[in-house]
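J.: Just to be clear, the model below is a prediction. Sequence and coordinates:
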Amino acid sequence: MNIAPIFPTPIAYFFDFISSKERLQLLDHIKNIPHKSHYCIDGDGLSTHLHQYNFLDEKIKNRIQNALDEYNETCGNVPSRLENAWSNIQNKGSTLIEHTHPDSNVSGALYINVSDSCKLYFHTPNPYVYFTNKKTLTPYNYENQWIGVKNCELVLFPSWLKHGNNRDVCLMDDRIIISFNSR
């Protein structure tokens, strides 16, 4: 039997996207920016979403743009430009509610301060997979899949793809991620 993986969803990740020194500088800077509550974080967590702060230097912005260019070229997308970035800080007991990024093409997350067990869940865009009878779980009938993420890594994905923590409760304080959109 031959299987054709129709409609694959490209998720790109870049290891060691920033240096440890850059990570620590961002960590210190982000902790000193005022954060506010955000509807996508349930529990003890805050965000700069909707409150623009310029915390990324030009070198990192250019690297993100180069990664976006590579992703879009690989996926056959039209070019997109980095539009906005924000930081999220989660503490013990919080969760990141599943969500999408409307009015964007490609979204991303840069991991600044996460534990070794940190995961990013992606949920199937196929609304009918929930109605299938499953004998065993396979990549063809998963309702969600996750990737493990580490400090200094960058993850890019289509903005329409629902993502979050899948109700996993944050087990650490100061879990910090920079998120962004491109159009």
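T.: Done, it's in.

J.: For the residue lying closest to residue 182 once chain neighbours are set aside, which residues are in contact?
T.: Spatial nearest neighbour of residue 182, chain neighbours left out: residue 80 (3.9 Å); criterion: CB to CB, 6 or more residues apart in numbering. The way it works is simple: take the backbone N, C-alpha and C, and place the C-beta from them, glycine included. Each residue near residue 80 by CB atoms under 8 Å, 6 or more residues apart in numbering is listed here: 68, 72, 105, 106, 182, 183.

J.: how about a cut-off of 10 Å?
T.: Each residue near residue 80 by CB atoms under 10 Å, 6 or more residues apart in numbering is listed here: 65, 68, 69, 71, 72, 104, 105, 106, 159, 181, 182, 183.

J.: Please check those and keep the buried ones.
T.: Buried members of these, counted by 16 or more other CB atoms under 10 Å: 68, 71, 72, 104, 105, 106, 159, 181, 182.

J.: Report the beta-bridge partner residues of the spatially closest residue to the first one that is not a sequence neighbour.
T.: Leaving aside its chain neighbours, residue 68 sits nearest to residue 182 (5.3 Å; criterion: CB to CB, 6+ apart). The residues paired with residue 182 through beta bridges, assigned by DSSP bridges, are residue 82, residue 106.

J.: Give me the pLDDT for the spatially closest residue to residue 132 that is not a sequence neighbour.
T.: In space, and not counting its chain neighbours, residue 132 is closest to residue 141: 5.6 Å by CB to CB, 6+ apart. We note a pLDDT of 91 for residue 141 in this prediction.
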